[in-house]
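> What follows is a predicted protein model with its sequence.
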Amino acid sequence: MNLDKILGYMLLFFGLSIILFSIISAFSTFTGSKKPPELFRLEKSSQTISIGGIEIPGMELIPVEYLNLTGNLMFYFLLMWLLISAGGKIASIGVGMIKK
């Protein structure tokens, strides 16, 4: 075997391992066995609104905890998608080197 084929198999293995790691990590986060990394955290607002002399406390349409979890999950799955894409590209380069 020449050096190109050896390097091709190494790239193929490396790309497939990145894809496998990303899929397992995303699946464990999706099922709830692992929490996504906390990239940002919104705090509950305590401002009051004054209308005609009547003070109304800050209202929440969507609880802040759900916004934090949804935002963190979206960013995490975007990162996993990028890793899967990169692993696929690395693996395809490896396959191309093997075919030569």
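That came through fine. Numbering: from 1, shown residues only.

> next one: the lengthiest helix in the chain to chain centre, how far?
Criterion DSSP state H: the longest helix present in the chain is helix 64-99. Computed by Cα atoms, centre = their mean, to the nearest Å, the chain-centroid distance of helix 64-99 equals 7 Å.

> by contact count, what packs against that helix?
helix 3-31 (3 or more Cβ pairs under 8 Å, 6 or more residues apart in numbering; DSSP states H and E). Where C-beta positions appear, they are placed from N, C-alpha and C, glycine not excepted.

> Which positions in the helix it packs on come out as buried?
8, 11, 12, 15, 18, 19, 22, 25, 26, 29 (16 or more other Cβ atoms under 10 Å).

> for the residue nearest to the last one when sequence neighbours are not counted, helix, strand, or coil?
In space, residue 29 comes closest to residue 36 once its chain neighbours are excluded; the distance is 5.3 Å by Cβ to Cβ, 6 or more residues apart in numbering. Three-state call for residue 36 (DSSP: H, G, I helix; E, B strand; the rest coil): coil.

> for residue 40, same thing?
Residue 40 ends up coil, using three-state DSSP.

> Please apply the same query to the one 10 residues further on.
Look at residue 50: counting by three-state DSSP, its state is strand.

> That one pairs with what?
residue 55 (DSSP bridges).

> How many residues are close by it?
Neighbour count of residue 50, defined by other Cβ atoms under 10 Å: 8.

> Next one: it relative to residue 44, how far apart?
19 Å (Cβ to Cβ, to the nearest Å).

> Can you give me the pLDDT of the residue most central in space within the chain?
Geometric centre of the chain, nearest residue: residue 76, 2.1 Å, by Cα atoms, centre = their mean. What the model reports as pLDDT for residue 76 is 93.

> quick one: the residue nearest to it when sequence neighbours are not counted from residue 64, how far?
Of all residues not flanking residue 76 in the chain, residue 36 sits nearest, at 4.0 Å (Cβ to Cβ, 6+ apart). Noted for residue 36: a distance of 16 Å to residue 64, by Cβ to Cβ.
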